[in-house]
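# Take this sequence and fold it.
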Amino acid sequence: MNAIDLSDLDISYGDTKVVFGIDLAIPEGESFALVGESGSGKSTILRAIAGLAPDWTGSISIMGAPRSHGVDRAVSRQVQMVFQDPYGSLHPRKTIDAVLSEPLVIHGIGNRGERVEAMLEAVGLDRRFRFRFPHQLSGGQRQRVAIARALMLEPKVLLLDEPTSALDVSVQAEILNLLKGLRREQGLTYLLVTHNLPVVSFLCDRLAVMRQGRIVEIADVARLRAGALEAPYSRELLAATGGG
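Just a heads-up that it's a prediction; the model follows:
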């Protein structure tokens, strides 16, 4: 089964169309990246899948089920998003316990204390972090909490919007290793948006290169590592990041 199917997907903001005719099939368990310059439509695709950009046409399916426009509770159990800025995405006046419990409350799921402690452990945080506030955590710890929150409903798919770009270089590797381990342990499918081709090489199986709202090339990561991307714009990206 494909975890994500996008067919003839166009996305607009008001009268401005920003994504054009995206066709993409991501099998369950794959880690797939969208790369390209800022404004190429990468994050907009994630937002549409997550229900945060409702002005789209075409079709979006998650785990074989088509999603509707807007909020879709059944889809939110299957797919969750991790944002770029872990500080901005966590409520500053809520404890980590409250942040992690909130999805469980919304969906009427019990055993909250046990689930919160188990998820903190899964992302490498001691239980003493449970009743702290976001400002008491480092950037890397906050992103671990954001990943834990995304996993509380046991989704099959994680949408990762530049999940390490706001972090210090020394912390980026820790978070990438965590994501790699979680994917293996929980059988997750990742759709990652990033500017960072070394991150793609480390974390992903395939990538799509986007430019001006369109996919110009889909390739496996072996071609990226070999510097053998084919589209002229893909080669420009490689050269700009020292990869070719």
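# So which residues of the protein form helices?
Per DSSP state H, the chain carries helices over the ranges 42-50, 73-78, 96-106, 112-122, 139-151, 169-186, 197-203, 221-225, 232-240.
# Among these, show the one with the smallest mean pLDDT.
Of all these, the minimum mean pLDDT falls on helix 73-78 (a mean of 83).
# and it, what does it pack onto?
For helix 73-78, the packing partners by 3 or more CB pairs under 8 Å, 6 or more residues apart in numbering; DSSP states H and E come out as strand 65-66. For every residue, glycine as well, the C-beta is placed using N, CA and C.
# Show me what the strand it packs on is in contact with.
The contact list for strand 65-66, computed with CB atoms under 8 Å, 6 or more residues apart in numbering, reads Ser59, Ile60, Ala74, Val75, Gln78.
# Please apply the same query to stretch 123-131.
By CB under 8 Å, 6+ apart, the list of residues contacting stretch 123-131 reads 95-97, 116-117, 120-121, 137, 141, 144-145, 147-148, 151, 178, 182.
# Give me the distance between Ala122 and Pro134.
Distance, Ala122 to Pro134, using CB to CB, to the nearest Å: 19 Å.
# neighbour count winner among those two?
Pro134 (21 against 17; other CB atoms under 10 Å).
# Let me see the confidence value for the residue lying closest to the more buried one once chain neighbours are set aside.
Leaving aside its sequence neighbours, Pro134 sits nearest to Leu90 (CB to CB, 6 or more residues apart in numbering; 4.3 Å). The confidence metric pLDDT takes the value 87 at Leu90.
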